[in-house]
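# Here is a sequence together with a model predicted from it:
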Amino acid sequence: MALAEKTLTGSISQVSLTGVMNVSAGLTGNLDTGQKTSANDYNTLINKPKINGAVLISDSSFEDLGDHVLTNDEILEILIKAGF
């Protein structure tokens, strides 16, 4: 199998590689993973998860997330409708 050198330029969001890598040949280049953030600090994350459009921050309540706590009657009604 002939060795081939490939150069990738531009903005790459997803790459899939198949084949065999000759480890003794080595690998050189730079890998830029974009904006970096510490995995230890949730507040610095970008694209924080959302529920009903509300970003999950601090101690969000059901009401903060656009929902409410179910009453016992509401839970019972759901269970009856589900056939339990």
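On my side now, so go ahead.
# Any idea what residue 54 is bridged to?
Beta bridges link residue 54 to residue 51 when assigned by DSSP bridges.
# need the contact list for it.
By CB atoms under 8 Å, 6 or more residues apart in numbering, the residues touching residue 54 are 60, 64-66. In this view, the C-beta of every residue, glycine as well, is placed from N, C-alpha and C.
# Using CSV, lay out those residues together with neighbour count and distance to residue 41.
Output for the contacts of residue 54, formatted as CSV (neighbours: other CB atoms under 10 Å; distance: CB to CB, whole Å):
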residue, neighbour count, distance to residue 41
60, 12, 18
64, 15, 21
65, 15, 22
66, 10, 26
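# if I look at residue 83, how far off is residue 74?
Distance of residue 83 to residue 74, given as CB to CB, to the nearest Å: 17 Å.
# Among the contacts of residue 54, which pair sits farthest apart?
Distance extremes for the contacts of residue 54: the farthest pair is 60 and 66 at 10.2 Å, using CB to CB.
# Need the residues touching each of the two.
By CB under 8 Å, 6+ apart, the residues touching both residue 60 and residue 66 are 51, 54.
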